[in-house]
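> give me coordinates for this.
(one chain, ligands or ions: 3)
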Amino acid sequence: MRKKKNQLDVNADIKATALHSYDVHLDLGSRAYDILVERGLLARVGEEVSKRVAGGDPAGRVAVVITNPKVELYHGRVVMDSLTAAGFRVVPVVLAAGETYKTLQTVRRLYKIFHAEQLDRRAIVVALGGGVIGDVAGFAAASYNRGLDFVQVPTTLLAQVDSSVGGKTGVNFDNAKNLIGAFYQPKLVIIDPDTLRSLPIRERRSGLAEIIKYGIIYDKPFFDLLEREVGSLLRLSSAQLEYAISRSCEIKARVVEQDERDEGVRAILNYGHTVGHALESITHYRVYRHGEAIAIGMVSAALIGEELGLSSPEDTDAIIRIFTSAGFHVHLGEEIAVGGVMRLLSWDKKAVDGTARFVLMEKLGKVTPGHNVPPDVIRRALERQQAL
Ligand SMILES: NC(=O)c1ccc[n+]([C@@H]2O[C@H](COP(=O)([O-])OP(=O)(O)OC[C@H]3O[C@@H](n4cnc5c(N)ncnc54)[C@H](O)[C@@H]3O)[C@@H](O)[C@H]2O)c1
Ligand SMILES: O=C(O)C(=O)C[C@@H](O)[C@H](O)[C@H](O)COP(=O)(O)O
Ligand SMILES: [Zn+2]
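Ligands and ions are numbered 1, 2, ... in the order given. Here you go, the predicted structure:
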């Protein structure tokens, strides 16, 4: 295992291999992998997958590229051509887009295609798209034939900074977000920030929420940088774009290395998700983008921490300020029933005996998991948030 480093030393782990090109390594022993961040990488997917996953011998190997219609339109050709040129037999699979398709039915559809194509264990599943594609394709790869090699090629900001890294795969089930799934690490993550040019502003903002999360949970200097850069990051004009992406992956990698299966410290990556997931679920995954829901959830968590005397009102204000300046609505809508949200908290994966355990901030840059919060405190915080 990599030596534990303090927050500032951790910057040294991101190896700048050229201008605006970064490699992050996630060290999990036999399941270790690289996260490559570089503009233009999409055209080198075939070469990188061949070298790093197929041991330089792609002959006779199938690459199943799982994507959705919009991503296929913008970025499918370049990826598939590059895999074909490297020597893979490419099987494209285009799934319907959106969180409402993050279901077992979609996974079953993938199994049917894998079966019809007679995939053997040498097949490689390539997820080309956002977090929904990555989570669904990853779960299918984890379970089909007891595990196929899996490569993440994330094309949303959210997927580039969060969902493509760390091996959480799965689908929603009834009213519970991500209830069915597996920990299954990719063999490689290929991030091309140029793909973000075709991404609508609302989706970019959603990804920014997870980037801001890393500042709140782990790295105050990063939070300060983000306060200055939110506008230019959204416009993709920030000179810090690649840094913000790789720094986010780096923080996630350092946390996952310590607790791959979410039994302890990894819960800090779930800051804001307890209320955030409940909001996604209560609105049937149709109202909020994931980042929008967890931005609201991060403000809820800050208000709860403040109510408990754990964190300061100044830090809550700083969180509200950064999200507001990025264009998020941090107010909890009057139409959202506080009681309904509170009931859904028991489905959170961090719950113990049906009672939510919150990740709460002590100060910007430091959060702790496992807080059992009295219901009246949660209610008070959520009602305050409705009045924001
Ligand atoms: N596994 C994890 O660790 C993890 C972490 C965070 C979030 N998630 C999950 O990720 C999901 C959210 O992911 P998301 O925000 O990427 O949403 P998403 O996958 O639904 O993608 C958002 C939209 O962007 C479009 N799109 C993707 N790339 C594009 C591009 N380059 N240009 C134009 N359009 C593009 C897609 O077609 C889709 O309509 C949620 O289900 C969430 O629970 C998982
Ligand atoms: O990787 C993690 O661990 C996270 O918690 C990252 C979250 O941003 C992500 O939304 C994750 O999918 C939530 O996981 P869950 O276990 O709460 O379903
Ligand atoms: Zn998330």
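
> isn't Glu99 up against Val171?
No. Look at Glu99 against Val171 with Cβ atoms under 8 Å: they stay out of range, at 10.1 Å. Any C-beta I mention is one placed from the backbone N, CA and C, and that applies to glycine too.

> please name the nearest non-neighbouring residue to the residue in the chain that ligand 2 sits nearest to.
Here the residue of the chain nearest ligand 2 is Asn178; by Cβ to the nearest ligand atom that distance is 3.2 Å. Once flanking residues are discounted, Asn178 sits nearest to Gly170: 4.9 Å by Cβ to Cβ, 6 or more residues apart in numbering.

> doesn't that neighbour belong to a strand?
Yes. The assignment for Gly170 (DSSP: H, G, I helix; E, B strand; the rest coil) places it in a strand.

> ok, it - contacts?
The neighbourhood of Gly170, defined by Cβ atoms under 8 Å, 6 or more residues apart in numbering, consists of 135, 138-139, 178-182.

> let's go with 6 Å and repeat that
Going by Cβ atoms under 6 Å, 6 or more residues apart in numbering, Gly170 touches 135, 139, 178, 180-181.

> quick check on those: which are buried?
For the contacts of Gly170, a neighbour count by 16 or more other Cβ atoms under 10 Å gives the buried set as 135, 139, 178, 181.

> mind listing which of these are in helices?
With helices taken from DSSP state H, the overlap with the buried ones among the contacts of Gly170 comprises 135, 139.

> nearest to His273 among the buried ones among the contacts of Gly170?
The shortest approach to His273 among these belongs to Asn178, at 9.5 Å (Cβ to Cβ).

> pLDDT wise, what is that closest one at?
The per-residue pLDDT reported for Asn178 equals 95.

> Leu26 too?
pLDDT for Leu26: 98.

> which residue is the nearest non-sequential neighbour of it?
Ala253 (4.1 Å).

> tell me the mean pLDDT for the strand or helix carrying the one you found?
Per DSSP states H and E: Ala253 is located in helix 241-258. Across helix 241-258, pLDDT averages out at 97.

> tell me if it is near ligand 2.
No. Contact of helix 241-258 with ligand 2 (Cβ under 6 Å from any ligand atom) is absent, the minimum separation being 6.7 Å.

> now the helix or strand following that helix - C-alpha only, PDB.
Scanning forward in sequence from helix 241-258 by DSSP H and E, the next helix or strand is helix 273-282. Provided in PDB are the C-alpha atoms of helix 273-282 (Å, rounded to 0.1, in the frame of the first residue of the first chain):
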ATOM      1  CA  HIS A 273     -25.600  12.100  -0.300                       C
ATOM      2  CA  THR A 274     -27.900  11.000   2.600                       C
ATOM      3  CA  VAL A 275     -30.400  13.800   1.900                       C
ATOM      4  CA  GLY A 276     -29.300  14.100  -1.800                       C
ATOM      5  CA  HIS A 277     -30.200  10.500  -2.600                       C
ATOM      6  CA  ALA A 278     -33.500  10.800  -0.700                       C
ATOM      7  CA  LEU A 279     -34.400  13.900  -2.900                       C
ATOM      8  CA  GLU A 280     -33.500  12.000  -6.100                       C
ATOM      9  CA  SER A 281     -35.700   9.100  -5.000                       C
ATOM     10  CA  ILE A 282     -38.700  11.100  -3.700                       C
END
